[in-house]
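Visitor: here's a sequence, model it:
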Amino acid sequence: MPLLRLYLDVSTLTPSGFATALSLLPPAVHPSITRYHFPSDRALALGSAFLQRYVICTHYAAHTTLSSVPLHRDPANGRPYHGAVAGTGQLDGVEDYNTSHHNPRQEFPAGGERCLVAVAALVTRTPQRKRRVGVDVVPTAYTRCGAEEFVETFCGGGGTEAGVFTAMEVEWVLRASDTVERVRGVYLLWALKEAYTKAVGVGIVGELTRVEFRGLEGWHGQERWRGAEVWVDGEDESKRWYTEGEGFFLAICCEREALVEGDIEGEWKELDLETDITGPWGAA
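Guide: Numbers count the residues shown, from 1 in each chain. Just a heads-up that it's a prediction; the model follows:
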């Protein structure tokens, strides 16, 4: 299936485990990971670096170690991309990929809440690097004080002051029966908008009210949802863009033409850092 859905939980990574794993990456990459103050943020950066390289290692026969994967960053928008070249024995190609992460708090949570890094990738036999995918990870609840104020920030006054949601989206959020569900609605819309803007390559800095998601009725509380209507500048773009989410936590937006049979029914796969990534692909 061309659409890959992968995630990694780094909440249990110990200081010694972090140091060992970091040593498997090129030294030039280390500062971009260790520059973070909190251990959880460093672990997320490490997990992102590993997931990106895992996708390339498993789909290009020429790249067999994490340290050999050629990754770059677009100077225009900061989006990472790979420079792998097809060669003899190529398995298939990574047309596009995108990563996201969620840190529930500044430190690893004591209550078992997960600290996730996710990657979505489009994999084809003849990669053209034309079709795009975006992914976002959001929490399922507002864990700090002031959930009502959190909703008000984005939806107060019809949402026009925040400049994030349209009037129709705000109406949908406020239609929920309680604050818990309204918070979930805010996070869901945020995830969809960020996944879309990342897929089109403009990032979250774009004018978010130009993008509107409709057809969300009945999505509250579902573990798996898909098929939101995507409207851009008042035009229905749903035939071009496919959206889905998993438990109001992981959201994907990608171009429909990239999908094949079985993609929509595909599941997210959780990877184990040692078993799936550093063990098979970490050799020097």
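Visitor: what pairs with the lowest-mean-pLDDT helix or strand in the chain, parallel or antiparallel?
Guide: Ranking every helix and strand in the chain by mean pLDDT, DSSP states H and E puts strand 80-82 at the bottom, with a mean of 81. Here strand 80-82 is paired, per DSSP bridges, with strand 71-73 (antiparallel).
Visitor: buried sites along stretch 234-246?
Guide: Neighbour-count burial for stretch 234-246, counted by 16 or more other C-beta atoms under 10 Å, picks out 238, 241-246. (Glycine included, C-beta is placed from N, CA and C.)
Visitor: err, stretch 59-71, not the other one
Guide: Neighbour-count burial for stretch 59-71 [16+ other C-beta under 10 Å]: 59-60, 63, 66-69.
Visitor: ok so, going back, just the buried residues of stretch 234-246: which are in strands?
Guide: 241-246 (DSSP state E).
Visitor: okay, those in CSV with pLDDT and distance to Gly146 next?
Guide: Below are these laid out as CSV (pLDDT from 0 to 100; distance: C-beta to C-beta, whole Å):
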residue, pLDDT, distance to Gly146
Trp241, 95, 34
Tyr242, 95, 35
Thr243, 94, 29
Glu244, 92, 30
Gly245, 88, 25
Glu246, 86, 27
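Visitor: pick out whichever of these sits closest to Ala147.
Guide: Gly245 (20.6 Å; C-beta to C-beta).
Visitor: pull the contacting residues for that closest one.
Guide: 188, 191-192, 224-226, 251-252 (C-beta atoms under 8 Å, 6 or more residues apart in numbering).
Visitor: out of those residues, the closest to Arg131 would be?
Guide: Ile252 (13.1 Å).
Visitor: quick one, phi psi at that closest one?
Guide: Per-residue torsions, Ile252: phi -130, psi 140 (degrees, to the nearest 10).
Visitor: now the buried residues of stretch 234-246 as a markdown table including distance to Glu270?
Guide: Shown next, in a markdown table, are the buried residues of stretch 234-246 (distance: C-beta to C-beta, whole Å):
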| residue | distance to Glu270 |
| --- | --- |
| Ser238 | 30 |
| Trp241 | 26 |
| Tyr242 | 22 |
| Thr243 | 22 |
| Glu244 | 17 |
| Gly245 | 16 |
| Glu246 | 11 |
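Visitor: against Ala28, how distant is Pro75?
Guide: 16 Å (C-beta to C-beta, to the nearest Å).
Visitor: low-confidence ranges, this protein, go.
Guide: 1, 85-91, 105-113, 125-129, 159, 202-206, 220-222, 284 (pLDDT under 70).
Visitor: returning to that earlier point: name the helices or strands packed onto the helix or strand following the least confident helix or strand of the chain?
Guide: Once the chain leaves strand 80-82, the next helix or strand it forms, by DSSP states H and E, is strand 93-102. Judged by 3 or more C-beta pairs under 8 Å, 6 or more residues apart in numbering; DSSP states H and E, the packing partners of strand 93-102 are helix 39-57, strand 80-82, strand 116-124, strand 133-137, helix 179-200.
Visitor: pick the most buried one from these.
Guide: Highest mean neighbour count of these: strand 133-137, a mean of 25 (counted as mean count of other C-beta atoms under 10 Å).
Visitor: and Phe165, its phi and psi?
Guide: phi -110, psi 150.
Visitor: for it, what are its contacts?
Guide: 154-155, 159, 173, 189, 208-209.
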